[in-house]
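# Fold the following and give me the result.
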Amino acid sequence: MILPQQKLFRQFVLAYGITLIIAFWLTSAAAQDTAYIAGSGGGQTKITGRVLDYTGRELKWEHPGGQQQSFPAEKVLQIDTPYGRQQTDADALLAKNQFDRALGLYLKAVDSEPRRWVRRQIVARIVGCYHVLDQPQRAGEAFLLLIRDDPDTPYFDCIPLAWTPQQLPVDLELAARQWLSREEPAAQLLGASHLLAGRDRPEALRQLRRLAAGTDRRITGLALAQTWRAEVATATAEQLDGWGRLIEQMPGPLAAGPYFVLGSARAQRQQPEQAALALLRVAILSPQQRLLAAQSLVEAGRALEKLNQGQEALRLYREAIHTYPEQTRPAAEAQSRLDEIGKNQ
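A predicted model of the protein is given here:
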């Protein structure tokens, strides 16, 4: 009996010849990965070999002689590995902000990539594309697939939480309720963040407060910051100072959303200088969170206008329009402010 793999191999030999088969295997054998591992004294060590797996917990490595070794994920500074053509083309499109075309290639790349750890990397980029393209339901489902495969994922910062004021579409509301009913804390956090904008706000807040008392620091910090969204208009100056201290303890990639909430609250309390500083941190820390970064630039510009720093505000409005043109709502707000300032000059 000829197995499907054997049949495929015979067809390949007949079509391309044994010489190409040999060249293919030699190339595969020669390909290797390179990793840079942080040393205890502040330096780094370069190693070559093959990645067996890479998660948010550890890097499993195979050296050229076959010896296997594990490194804590926090010690891994960089991994260089050969990628498939679809992924490299998608990365190039992503760098050019062509998100729709990049998404199409990433979806193909994730199906053709045999390495599980690379597939997770691709899925994280798929989440980002969906988020930028204003497809929050698909972004959420893709993220939950990612974290289900690696609960300690190093790409947790791509979680597509809601941070800006929004209207809740019916389909997203239904999806968010389903996420909230799951057992995974990340799914509950995702669902609650969206439901804060709808009629399920009380239940969402209850779940967020419960999550904020958990043990996963990624979840607890973001859940707590999500509860602040309900207090933007009422928080005292002392509370806002406390928020700022808590955010400073968060990993940088997770701090962008909390800084947006802090900036919005400081603007509500007529603290424009402090508001602008908090909002500008969003675009600096997480420019890849394009909706959040664009809205932060607009809100920071409004704060600078209150400080009579019109030229600096104009610069931020222009940056929001030119750097994040696909974010139509922030871009429209920025253009409106530009037009208004232009009339008054």
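# Which residue ranges make up the domains of this protein?
30-82, 83-160, 163-231, 249-345 (automatic domain parsing).
# now those as JSON lines including distance to Glu238, mean pLDDT and mean neighbour count?
The way it works is simple: take the backbone N, C-alpha and C, and place the C-beta from them, glycine included. Converted to JSON lines, those look like this (distance: least, C-beta to C-beta, whole Å; pLDDT from 0 to 100; neighbours: other C-beta atoms under 10 Å):
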{"stretch": "domain 30-82", "distance to Glu238": "34", "mean pLDDT": "93", "mean neighbour count": "14"}
{"stretch": "domain 83-160", "distance to Glu238": "29", "mean pLDDT": "96", "mean neighbour count": "19"}
{"stretch": "domain 163-231", "distance to Glu238": "12", "mean pLDDT": "96", "mean neighbour count": "18"}
{"stretch": "domain 249-345", "distance to Glu238": "11", "mean pLDDT": "93", "mean neighbour count": "20"}
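# Let's have those domains in TSV, adding distance to Gln239.
As requested, the domains of the chain are exported to TSV (distance: least, C-beta to C-beta, whole Å):
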stretch	distance to Gln239
domain 30-82	32
domain 83-160	25
domain 163-231	7
domain 249-345	8
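# Following the host helix or strand of Glu319 in sequence, what is the next regular element?
Using DSSP states H and E, Glu319 maps to helix 310-323. Using DSSP H and E, the helix or strand that follows helix 310-323 in sequence is helix 328-344.
# now that following helix: how far from the chain's centre is it?
In terms of C-alpha atoms, centre = their mean, to the nearest Å, the centre of helix 328-344 is found 28 Å from the chain centre.
# If I take that helix and helix 310-323, what angle do their directions form?
140 degrees (axes from the mean of the first three to the mean of the last three C-alpha atoms, to 10 degrees).
# Can you name every helix or strand that helix 328-344 contacts?
On a contact count with 3 or more C-beta pairs under 8 Å, 6 or more residues apart in numbering; DSSP states H and E, helix 328-344 meets helix 290-306, helix 310-323.
# For Leu240, which of those is the nearest?
If you check each of these against Leu240 by C-beta to C-beta, helix 290-306 wins as the nearest, at 14.2 Å.
# now for the closest one, which elements pack on it?
Using 3+ C-beta pairs under 8 Å, 6+ apart, helix 290-306 is in contact with helix 116-132, helix 256-268, helix 272-285, helix 310-323, helix 328-344.
# Roughly how far does Tyr317 sit from Ala278?
18 Å (C-beta to C-beta, to the nearest Å).
# for Leu195, same thing?
25 Å.
# Gln249 now?
Distance from Gln249 to Ala278, by C-beta to C-beta: 15 Å.
# Show me where the stretch 51-200 of the chain has its helices.
85-95, 99-112, 116-132, 136-149, 170-180, 185-195 (DSSP state H, counting those that start in this stretch).
# other SSEs contacting the fourth one?
In this structure, helix 136-149 packs against helix 116-132, helix 170-180, helix 185-195, with contacts taken as 3+ C-beta pairs under 8 Å, 6+ apart.
# Give me the contacts around the second one.
Meaning helix 170-180. Helix 170-180 is contacted from outside by 136-137, 140-141, 144, 168, 187-188, 190-192, 194-195, 198, 200, 203-204, 207, using C-beta atoms under 8 Å, 6 or more residues apart in numbering.
# With Leu211 as the reference, name the closest of the helices and strands packed on helix 328-344.
helix 290-306 (20.4 Å).
# need the contact list for the residue lying closest to Glu299 once chain neighbours are set aside.
In space, Glu299 comes closest to Leu279 once its chain neighbours are excluded; the distance is 5.1 Å by C-beta to C-beta, 6 or more residues apart in numbering. Neighbour list for Leu279: 259-260, 263-264, 267, 296-297, 299-300, 303 [criterion: C-beta under 8 Å, 6+ apart].
# now those residues in JSON lines, with distance to Ala230?
Listed next are the contacts of Leu279 as JSON lines, based on distance: C-beta to C-beta, whole Å:
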{"residue": "Tyr259", "distance to Ala230": "17"}
{"residue": "Phe260", "distance to Ala230": "15"}
{"residue": "Gly263", "distance to Ala230": "16"}
{"residue": "Ser264", "distance to Ala230": "12"}
{"residue": "Ala267", "distance to Ala230": "16"}
{"residue": "Ser296", "distance to Ala230": "20"}
{"residue": "Leu297", "distance to Ala230": "24"}
{"residue": "Glu299", "distance to Ala230": "18"}
{"residue": "Ala300", "distance to Ala230": "23"}
{"residue": "Ala303", "distance to Ala230": "22"}
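# Any idea how far stretch 57-71 is from the middle of the chain?
That offset, for stretch 57-71, works out to 27 Å (C-alpha atoms, centre = their mean).
# Just the CA trace of that stretch, in PDB.
Only the C-alpha atoms of stretch 57-71 are listed here, as PDB (Å, rounded to 0.1, in the frame of the first residue of the first chain):
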ATOM      1  CA  ARG A  57       8.100  30.700  28.800                       C
ATOM      2  CA  GLU A  58      11.200  29.300  27.100                       C
ATOM      3  CA  LEU A  59      13.300  28.800  24.000                       C
ATOM      4  CA  LYS A  60      13.900  25.100  23.200                       C
ATOM      5  CA  TRP A  61      17.100  24.800  21.200                       C
ATOM      6  CA  GLU A  62      19.000  22.100  19.300                       C
ATOM      7  CA  HIS A  63      22.700  22.600  18.800                       C
ATOM      8  CA  PRO A  64      24.400  21.400  15.600                       C
ATOM      9  CA  GLY A  65      25.600  18.200  17.300                       C
ATOM     10  CA  GLY A  66      22.100  17.300  18.400                       C
ATOM     11  CA  GLN A  67      22.400  18.500  22.000                       C
ATOM     12  CA  GLN A  68      19.300  20.200  23.300                       C
ATOM     13  CA  GLN A  69      19.100  23.100  25.700                       C
ATOM     14  CA  SER A  70      16.400  25.400  27.000                       C
ATOM     15  CA  PHE A  71      16.700  29.200  27.700                       C
END
